[in-house]
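> A structural model of the following input is requested.
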Amino acid sequence: MFPFHAEDTEKCPCEVHGRHLEEEAEAPKETWEIVFASIVIILMFVGLVLERIGADHVMLITMTMFMVTEIITVKEGLAGFSNSGVITVMILFVVAEGISKTGALDWYMSKLLGAPKSIASAQLRILIPITFVSAFLNNTPIVVVMLPVVLQWAKNNRLPRQQLLIPLSFAAIFGGTCTLIGTSTNLVVSGLVEERYGDTVKIELFDVGEFGVPLALIGIAYVLLFSPWLLPGEIEQEEEAILLGARVTPWSPAAGRTVQRSGLRETGGIYLVSVLRAETGNVHRAVSRDFVLNAGDTLYFTGLVESFGDFCEEHALEILTNETENDTSAVSADVTNLQVGSTKESLLNVDEGERLRNIHRLTDLIRGAKGSDTDMLGAPPSIVVSMDEEVVVVGVNTPDRPGLMLDISKTLLKLGLELHHTEAAVHGTRSLSIWRTETIQSEDLPDLEKIWSVLNALLSTDGGATKQRGLRVLRAQIRKGSRLEGKTASEVDFHKLYKAALVVVPKSQLKEGDVVVLQAKEGSPLLLEPPADFYKQLDDKNVSKSLLKSLVSGRSSRTDSEAASASHESDIEDAAGVEGAWKDLQVVTPRAEEGLEFLTAMAVAEKSGLVGKSANQHGITRLPSVYLVSIDRPTPAGTGQLTMQGGKSGLDKALSDFDKSDHHVSSIAITRDDPLQVGDILWFSGSASAVGDLRKIPGLRSFESEEVSKIEDTVFDRRLVQAVVARSGALVGHTVKEARFRSRYGAAVIAVDREGKRIHDHPGQIKLHAGDVLLLEAGPTFFSKSAEHDRSFALLAEVEDSAPPRLSLIIPAVLIVVTMLAVYTAELIDLVVGGLLASFLMVAIGCLSEQEARDSIHWDIYVIIGSAFGIGSGMLNSGLADIVADFLVDVGKAISLGEAGLVAAIMLAAFLISSILTNNAAAALLFPIAMNVAESAGIDLKLMSFALMLSASDYMTPYGYQTNLLVYGPGGYTFGDFVRFGIPLQLLLWICGALFLTVFDWYISWIGSAVVLAAVMAFRLLGDASTSRSNQSRRNSLNHQVFQ
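Numbers count the residues shown, from 1 in each chain. Alright, predicted model coming up:
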């Protein structure tokens, strides 16, 4: 388990076992010690499985119990904490942290590992190279170095870390069984063989590989085949693949305005991707902030589906659905079917003659004229406005209430309309009125939209509103047995079945598990919340009808007040319709937000490796938790390119000009497929921590890098900080530049969030408001100065793990690690000494500070490993380990399988004991027993040695092998994850190992294991590729259909 130096491998395990045998010869073991040790070990495993308290506490308590009962001495109990192998692991944490702090290794290794399209492909990119390398290098430093790399790679590619870190650890263990130097256990057994038999039995470097290589291939095949079912974690879906369409209406505030002035880029979670120009039919995929939007243009967005309905309502955009996408007009096909004036759209999209006809029908109804249209009394509430130069006639049809007429008259007066004549009547609960007015000031005429909106706001507050409800956008998953299965979207009447329309129209047949995006209209059963146990009962075929009826009556509904209203319920005919909708579609609950969203600018640096390739080619568009909003290319002085002036680089000149210009430096928008150039500005949107990760991309520099470089604090002490501008602070009403922020506070403003809105502007030009959240790069100076000016900020919060990367130190850091591994492999220096020297050099050159080195040590792992040594000594001293080993060997003899049975018994004993003791201790304990059995049964001694080497590795627990411990915490695993995934693997390797050693010839083992691995690889890769192609095809159909 632990990396021993050559001297350690010849004395430590052997001496422990030798002392144990001497004590055993002197006196028999006390029975109570065996019983006590058994109870304590059982309780230890129960505690580890339950995970009520930390694993380090459980192990430390167990070791303490052995010391309390004097089964082990204090020296034996604490021996593990001074063991060179344990200390080595702790030191290597510092080395790994030094590499991680440079930031760049994550990016470069991600490029080397590539962008896998499936979990199986990602696992293969780890399993095969790590298995090979760990056959020749110690597996512990390999895992330590690769751990942060794999974590970041998984994050960048939206892969679950749980599916990758246990395979990383197991691959290192597999490789260790392929050569004599692959793991310290092999060296321990080799040393014991040499000590007992001298030159009679000689084990060469690759001898164990005859059986270790096919076992490694079997192990890799097992990981590939069973990890999807036995390990936690599922691949994260890329929700941004869905494009949502919306049309600019004539009354939208965005019509005729630039993207910047329209505010369409300021809403967090919704991103404008492209524009389909109504006049020309051209698709514009590079949309700059100066791009002018016209009425009728179709805009395509991506982002939070559940926020899209509110977003479109705020900006008066018409959501494209399967009911509207074929309509080339600027209005929805349903508008003409609405009562004129019931919505703003229904009023604005009819001509003046139709508006007058509606007012005349209302007048006839008020006067009680014969043949008047009484259907208007049952129609939705409406406000109809007719304008003829300075004369404005308003007709109102709304539920009656006290004071209604007075409120309407006051509102009309506020609109600048002088009242000349009024007619009104009340029919049942409905109030009907006609208001004939004239404008007071002819030069300031209110328009139709303003009059309707103001009156609608008045009537909305009292239940007589004409507010349109039920236009929520949601995602729903097709359930098993749904009426939608096997049908295309065109074959389903979504309006009839669910009172909804498809926002994104799938081109292929619908099937179980597909997620559809719908616009739920007023009265849709999808807006009602099923009972908490509805789907569980549905799976059990036991849905309660009475519960459904009680739900429809209003006792259980979605937390949308509109969905819970009586008008909503009245639109649902019966419980069967609701139940049918719920059985067909299950609404997907949106995931919670990860905090505030900031918009920040990054520039392509000079001599950057990003130059010449597009953002898509570099994978910048697929970064986790961050979205590339747009790419701007500055064109100073209208030259269209960046030049060298006054000895200053083109990039610095461009950024400096832009900073000082108040936007007088123009820029053009480029697409994600255009090659990048020096000085290009990439606008990213994401959480504070995600924005911080952008600094780790080599070749990108912060737009605020000039201000950041002037911060007095060292790079070790700087962090990202979120600061809320206080209401009465000195910053309110001033820009960052005007406030001389860096000079005053010792920090640089990276980005600004304003009430969930993104501000697409240079931070230095933004006029700050009370409540704005500033994302700062700051150090201790900022906190000391902000304490002096504590009225400037209402709240300060440091972003976790946000220290700036040290990109320039990546090459020295890698050279230090490579040198450490080289001198250790050449046996010129002990690994603990090499690790110490590497750690000192990391601190000396600035890869990490002294405090960061202290914080990098995982003290819980130190306690776990150190305690495991004492527990192992307790197992030995009590005699429990001997009893377990002898029992298993006796079982092997009793089953009468000859040589195979005895080898299998020894291997099983090694498996089980190494899960409790260390793997080296297990091998040392079983060695004399195994050799005695081999000599008495005439089994080849070298073969029995290989049996110990191949089996003294623990896959069943996180504590039996140190690489398992390394990935245990960072992977977010539980003890049960190792048990569930490791026990079948342990049994498989036990059976295959016994067969390979005693039954099959070596070439049969090699060919058979290679065929098994090839078959599993084909099954997983082809299966995942088919699924990936299917998903990609559906995503492409979703994306391309909106442009057709």
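
> partner strands of the host helix or strand of residue 434, with direction?
Using DSSP states H and E, residue 434 maps to strand 430-439. Here strand 430-439 is paired, per DSSP bridges, with strand 391-399 (antiparallel), strand 417-427 (antiparallel).

> contacts for the last one next, please.
Identification of contacts with strand 417-427 by C-beta atoms under 8 Å, 6 or more residues apart in numbering yields 363, 365-368, 377, 392, 394, 400, 405, 409, 412-413, 431-440, 446, 451. Glycine gets a C-beta too; all of them are placed from N, C-alpha and C.

> just the strands paired with strand 430-439: most buried one?
Comparing the strands paired with strand 430-439 by mean neighbour count (mean count of other C-beta atoms under 10 Å), strand 391-399 ranks first with a mean of 22.

> distance from the chain centre to that one, please.
How far strand 391-399 lies from its chain's middle: 53 Å, per C-alpha atoms, centre = their mean, to the nearest Å.

> beyond that strand, next helix or strand please.
helix 404-414.

> that following helix: which residues count as buried?
404-405, 407-409, 411-412 (16 or more other C-beta atoms under 10 Å).

> which of the residues you listed lies closest to residue 186?
residue 411 (88.8 Å; C-beta to C-beta).

> ok, back up a step: out of the strands paired with strand 430-439, nearest to residue 876?
Closest approach to residue 876 among the strands paired with strand 430-439 (C-beta to C-beta): strand 391-399, 86.8 Å.

> can you give me the angle the closest one makes with helix 404-414?
Relative orientation of strand 391-399 versus helix 404-414 (axes from the mean of the first three to the mean of the last three C-alpha atoms, to 10 degrees): 150 degrees.

> quick one: contacts of strand 391-399?
By C-beta under 8 Å, 6+ apart, the surrounding residues in contact with strand 391-399 are 341, 356, 358-359, 362-363, 376, 379, 381-387, 404, 408, 412, 417, 429-439, 446, 451, 455, 459, 463-466.

> kindly recompute the last result at 7 Å.
Contact with strand 391-399 is made by 358-359, 362, 376, 381-386, 408, 412, 417, 429-439, 451, 459, 463-464, as judged by C-beta atoms under 7 Å, 6 or more residues apart in numbering.

> can you turn the buried part of these into a ChimeraX selection?
The ChimeraX selection below is limited to those of those classed as buried (16+ other C-beta under 10 Å):
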select :358,359,362,376,381,382,383,384,385,386,408,412,417,430,431,432,433,434,435,436,437,439,451,459,464
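
> okay, now the domains of the chain?
Domain ranges of the chain: 86-236+878-1021, 243-320, 354-368+379-457, 606-635+667-698, per the TED database.

> adding mean pLDDT and distance to residue 31, write those domains out as CSV.
Shown next, in CSV, are these (pLDDT from 0 to 100; distance: least, C-beta to C-beta, whole Å):
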stretch, mean pLDDT, distance to residue 31
domain 86-236+878-1021, 82, 9
domain 243-320, 82, 66
domain 354-368+379-457, 84, 87
domain 606-635+667-698, 81, 58
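
> just say which of those is most tucked in.
Mean neighbours per residue, mean count of other C-beta under 10 Å, is largest over these for domain 86-236+878-1021, with a mean of 21.

> how far out from the middle of the chain is it?
Chain-centre distance of domain 86-236+878-1021: 30 Å, with C-alpha atoms, centre = their mean.

> same thing with stretch 609-620?
23 Å.

> output that stretch as PDB, nothing but the C-alphas.
Extracted in PDB, the C-alpha atoms of stretch 609-620 (Å, rounded to 0.1, in the frame of the first residue of the first chain):
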ATOM      1  CA  GLY A 609      -1.800  30.000 -28.800                       C
ATOM      2  CA  LEU A 610      -5.500  30.900 -29.400                       C
ATOM      3  CA  VAL A 611      -4.600  33.100 -32.400                       C
ATOM      4  CA  GLY A 612      -5.500  31.700 -35.800                       C
ATOM      5  CA  LYS A 613      -8.200  29.300 -34.500                       C
ATOM      6  CA  SER A 614     -11.800  29.900 -33.700                       C
ATOM      7  CA  ALA A 615     -13.400  29.800 -30.200                       C
ATOM      8  CA  ASN A 616     -15.300  26.600 -31.200                       C
ATOM      9  CA  GLN A 617     -12.000  24.900 -32.200                       C
ATOM     10  CA  HIS A 618     -10.400  25.800 -28.900                       C
ATOM     11  CA  GLY A 619     -13.300  24.500 -26.900                       C
ATOM     12  CA  ILE A 620     -13.900  27.900 -25.300                       C
END
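
> now what about that stretch, what contacts it?
Counting by C-beta under 7 Å, 6+ apart, 115, 604, 621, 628, 631, 672-678, 682, 698-699 sit against stretch 609-620.

> rerun at 10 Å
Here stretch 609-620 makes contact (C-beta atoms under 10 Å, 6 or more residues apart in numbering) with 107-108, 110-111, 114-115, 156-157, 602, 604-605, 621-622, 626, 628, 631, 670-680, 682, 684, 694, 697-700.

> and what of stretch 64-82?
The list of residues contacting stretch 64-82 from outside it, by C-beta under 10 Å, 6+ apart, reads 2, 12, 16, 19, 29-30, 32-34, 36-37, 39-41, 43-44, 60, 63, 86-87, 862-880, 918.

> now list the buried members of those residues.
Burial by neighbour count, judged by 16+ other C-beta under 10 Å, picks out 2, 12, 16, 29, 33-34, 36-37, 40-41, 44, 60, 63, 86-87, 862-880, 918 from these.

> of those, which belong to helices?
Using DSSP state H, 12, 16, 33-34, 36-37, 40-41, 44, 60, 63, 86-87, 862-878, 880 are the members of the buried ones among the contacts of stretch 64-82 that sit in helices.

> re earlier: ok, which of the domains of the chain comes nearest residue 811?
Within these, the stretch nearest residue 811 is domain 86-236+878-1021; the backing value is 8.9 Å (C-beta to C-beta).

> ends of the closest one, how far apart?
In domain 86-236+878-1021, first residue to last residue: 39 Å (C-alpha to C-alpha, to the nearest Å).

> again, but for stretch 371-383
Chord length of stretch 371-383, first to last residue, is 22 Å (C-alpha to C-alpha).

> same thing with stretch 708-720?
With C-alpha to C-alpha as the measure, stretch 708-720 spans 11 Å from end to end.

> coming back round to it: redo the strands paired with strand 430-439 as TSV? Include distance to residue 837.
Formatted as TSV, those follow (distance: least, C-beta to C-beta, whole Å):
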stretch	distance to residue 837
strand 391-399	83
strand 417-427	86
